[in-house]
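Enquirer: Sequence and predicted model, in that order:
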Amino acid sequence: MFSLEGITTAVQDWLFIKFNPTLALAMECIIVILLAITLFAGLGLVLVLMERKVAARIQIRLGPNRVGPGGMFQTVADTLKLIMKEGLTPDSADKFLFNLAPFIVMMVAMLLLAPIAFAKNFQIWDINIGVLYISAISSLSVIGILMAGWASNNKYSLLGAMRSGAQIVSYELSAGLAVLTIVVLTGSLQLSEIIAAQQNGWWIFKGHIPAVIAFVIFIIAVTAETNRAPFDLAEAESELTAGFHTEYSGMKFALFFLAEYINIFIVCAIGATLFLGGWMPLHIGSWEAFNHIMDYIPSSVWFMGKTFFLIFVIMWFRWTFPRLRIDQLLNLEWKYLLPISLLNLLLVAVIAILGWHF
Amino acid sequence: MYNQTEIIKDTTNLGPEGELIINMGPQHPATHGVLHLVVTLNGETIKKIEPHLGYIHRSIEKMCESLTYRQFIYVTSRMDYLSSHINNLGCALLIEKGMQIEVPERAKYIRVILSELTRIASHELWLGAMAMDLGAFTPFFYTFREREMITEIMEETCGARLTMNYIVPGGLMYDIHPDFQKKVKAFIKQFKEKVTEFEDLVTNNIIFQSRTKGIGILTAEDAISFGCTGPVARASGVSCDIRKLYPYDVYDKVEFDEVIETAGDSFARYIVRVKEMNQSIRIIEQLIDCIPEGDFVGKTKNVLKLPKGEFYTRVETARGELGVFVVSEGGANPYRIKFRSPGFSNLSALNHMAAGSKIGDLMATMGTLDLVIPDIDR
């Protein structure tokens, strides 16, 4: 009903009328970049505060409540502190790689933002191989982490980076296979088509039990991929002090920190898009009145609601579970999740061919 | 190969190929203090652990020699600060034994109740800290909620929350607060309600169980030969509860079970401590309603002088057996004092328990040893 579509098309039309096509495209790029950076900063602030508030709620305490109403500006104050801190580079570190690593991690997070549909027709780049693009780019972040661990010339960092490498590369498989089930059901890699296919019901409801299994595996795998507890072995502060970012301080540390939250947002957004229908409102079969009311809720609210629900679930994991050990982590992936996802994919293929889904 | 005082310039020939030496500590989140572990790793696998001590050595034993028998008790609060009341009790028992001082029944009852409260507080803190070692932050806050009630009782009774200094030779420094019984009962009620939360959050958690079961195994023979005491030895099936074997104060009048597990792994040590908290509650419940009226301190001379000779007492702290050994020349000060601290012996078993396991297991093993570094270093 209410949609951001009008604004985007109006801006685009106006630009193309006023300027020649190349200039208009360049200006569009600049606008998108500015918006993306603003979104990043906003997300960082909101998610860090949300994490602290969720943690506080779970841990029977109040959380930040001094800076601003309800501690709203706590993250702003923290960021200011981190900006003003000195960004130390250890003497024995590989200076170039050491300083490059946080930017690579951050850039990967930024690139992943491109194909995500934030609302109806509000998407930066509706690439036709969207899912493939996401899988390909998200596996790049391990390079930044390995680089940080290796260049720091710190034994804890090295161990953390090694763990992270083993972990991300392993869990990439399950995440990919879980995503593939939806691709098989939809028959398209394009995110907008995947969302459009969920018009009459989200895949988690339409895809029977295999979709639910894929969803659970996806959530587990992305929790591991983003190095979140209970899979935060790369950081593991009680074992490796801070893992791969032990040596980082100031804004360089903040970039790792921010990238973690942006990554959480992005994987949850992908989960919401693939399994929970993206910006599609909740429709139940032939309940016309109900469906109509649901349509009145803006699509951006639907998308953000679903995404933040998944983010909350991942935060909930972190503050509930102890950490796994590295061999248990890899056992879980290679002995359980991977065979289950392969079987699940086979099952989904059968369902898709026979057209058993709704 | 490795010397603490020597600065190694050439790092090319340090040990065999593929070995990595990591200094865990003196500042490390999992050592809970200034313990320094030199860990030799091969990848993620631990080959050897070498604890280096002395970072918080305050020469308490030497200090005690220049203090009188009334004074030296309070220095011991700073040894194992989580069971400071029990440390004080051990020293007071020694003086009372040496000088044949009669302790009033009231004082004995209160001492035991406070000892058990201290034990619960210590185990609560351990539970939270251990869960934190394994990466779960939340249990820490839940255990501290109950621990806070105990420290409040302590604050009201002794005027201090951590280093109680409540015991004098012959009894107690002053009488309990009028609200003492009421508050302790309130605590027992809350503890019994909330102890299930730990079961849900920690004990029955599959990740916690897989992290602790079969990890850091210590057999009964090894436990005895390393001199382990307390929950660490009891989890290996060694009966070593001083409260049962050599009862002091009124422990012979109360009914409680010595918790013994036989698995000897980290999970068994965890279970022993959780069950011990329940036994402590049982002891307090038996005593709290029948604290006899009367004096809270017996009659003693102003200047205490132990007769010439050697004296030894032992008490069961939250971590195990604390031995107090005093050599007296008959003067107002002890000639020589030696404490047998439980943490030191328990730490000595660490290399045996954790060698060959992963780094994550080291945290699970070290966490269940319940190390308090000032107790080890003194």
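Expert: Received the coordinates, thanks.

Enquirer: For residue A:90, which non-adjacent residue is closest in space?
Expert: Excluding the flanking residues, the one nearest residue A:90 by C-beta to C-beta, 6 or more residues apart in numbering or on different chains is residue A:247, at 5.3 Å. Glycine gets a C-beta too; all of them are placed from N, C-alpha and C.

Enquirer: hang on, I meant residue B:330
Expert: In space, and not counting its chain neighbours, residue B:330 is closest to residue B:308: 4.2 Å by C-beta to C-beta, 6+ apart.

Enquirer: before we move on, what about residue A:36?
Expert: Leaving aside its sequence neighbours, residue A:36 sits nearest to residue A:113 (C-beta to C-beta, 6+ apart; 5.8 Å).

Enquirer: Quick check, the one you found in contact with residue A:124.
Expert: Yes. Here residue A:113 lies in contact with residue A:124, judged by C-beta atoms under 8 Å, at a distance of 6.8 Å.

Enquirer: For the helix or strand encompassing residue B:221, enumerate the helices and strands it packs against.
Expert: Residue B:221 belongs to helix B:220-225 when elements are defined using DSSP states H and E. With contacts taken as 3 or more C-beta pairs under 8 Å, 6 or more residues apart in numbering or on different chains; DSSP states H and E, helix B:220-225 sits against helix B:230-234.

Enquirer: Point out the other elements, helices or strands, that the helix it packs on touches.
Expert: Using 3+ C-beta pairs under 8 Å, 6+ apart, helix B:230-234 sits against helix B:220-225, helix B:266-288, strand B:320-328, helix B:342-348.

Enquirer: What separation is there between the closest residue to chain A within the stretch 1-150 of chain B and residue B:89?
Expert: Of all residues in the stretch 1-150 of chain B, residue B:135 sits closest to chain A, at 2.8 Å by C-beta to the nearest C-beta. Per C-beta to C-beta, to the nearest Å, residue B:135 is found 36 Å from residue B:89.

Enquirer: joint contacts of residue A:113 and residue A:124?
Expert: Residues touching both residue A:113 and residue A:124 (C-beta atoms under 8 Å, 6 or more residues apart in numbering or on different chains): residue A:36.

Enquirer: Of these two, which one has the most company?
Expert: The neighbour count for residue A:113 versus residue A:124, taken as other C-beta atoms under 10 Å in any protein chain shown, is higher for residue A:113 (21 against 17).

Enquirer: For stretch B:128-141, C-alpha coordinates in CSV please.
Expert: Written as CSV, here are the backbone C-alpha positions of stretch B:128-141 (Å, rounded to 0.1, in the frame of the first residue of the first chain):
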residue,chain,number,x,y,z
GLY,B,128,29.4,-18.1,37.1
ALA,B,129,33.1,-17.8,36.3
MET,B,130,33.3,-21.3,35.0
ALA,B,131,30.4,-20.8,32.7
MET,B,132,32.0,-17.6,31.5
ASP,B,133,35.2,-19.6,30.7
LEU,B,134,33.1,-21.8,28.5
GLY,B,135,31.7,-18.8,26.7
ALA,B,136,28.3,-18.4,28.5
PHE,B,137,28.0,-15.0,30.1
THR,B,138,24.5,-15.2,31.4
PRO,B,139,24.9,-17.7,34.3
PHE,B,140,27.4,-15.3,35.9
PHE,B,141,24.7,-12.7,36.5
